[in-house]
Every structure is written in structure tokens, then in C-alpha cells.
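[1] Pasted the sequence and its predicted model underneath.
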Amino acid sequence: MAKRIRVRVDGVTAEAALLEDAAPRTVQALWNLLPITDRTIQTRWSGDAWRTEGNYELLTEEDAVENPAGRLSAGDIIYYP
């Protein structure tokens, strides 16, 4: 069964499945950081996207990016190293 996370923003909760098969090291690194409690800020460059105020380095600079995002869709959770 896929690892799942809940994201709660301003009283609204969404649940997401993490794509462990496509990005196992990234998912495990995120899982190890949970729970993350941070302020949410809006980003203008990608429409409906939002992000946390903090930057969380999940992988080292030497690690290859797993399953890079080419285009964002509603509901996507992505990691930009």
C-alpha cells in the first residue's frame, strides 16, 4: 500500500498518495521529516500552486532528481531541489 500524507491548510484537509515507485529516495526523505508544520505561502508563477515558507532539502546535490515534474497539475505534490 502506498504511503499517504494529509495536508491541512486553513481548516481544509487533503490526502495524497506518495509515488514511492517513481521516487523512492525522495518519498523516504520526506517521510522521515514528517510532520512538517510550517507557514503556507502562495507562489505566483504556477497558478493554483502553493508551498511552505521553509525549504526542505530532501536529497543531496549529488543525487539525481527522481521523476522530474514537467508540468504541474492540480493536486500534485512536487519537490524542487
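    Now that the structure is in, tell me what you want to look at.

[2] who does the closest residue to D10 other than its chain neighbours bridge with?
    Spatial nearest neighbour of D10, excluding adjacent residues (C-beta to C-beta, 6 or more residues apart in numbering): T40 at 7.8 Å. For every residue, glycine as well, the C-beta is placed using N, CA and C. Note on T40: beta-bridge partners T52, judged by DSSP bridges.

[3] list the contacts for T40?
    Residues in contact with T40 (C-beta atoms under 8 Å, 6 or more residues apart in numbering) are V9, D10, W50, R51, T52, E53.

[4] now G54
    I36, D38.

[5] tell me the SS of it?
    Here G54 is recorded as coil under DSSP: H, G, I helix; E, B strand; the rest coil.

[6] can you check W31 too?
    Under three-state DSSP, the three-state class of W31 is helix.

[7] Just give the nearest non-adjacent residue to it, would you?
    K3 (6.1 Å).

[8] how many neighbours does the one you found have?
    The number of residues packed near K3 is 14, by other C-beta atoms under 10 Å.

[9] Distance-wise, check A23 relative to D10.
    To D10, A23 is 28 Å away according to C-beta to C-beta, to the nearest Å.
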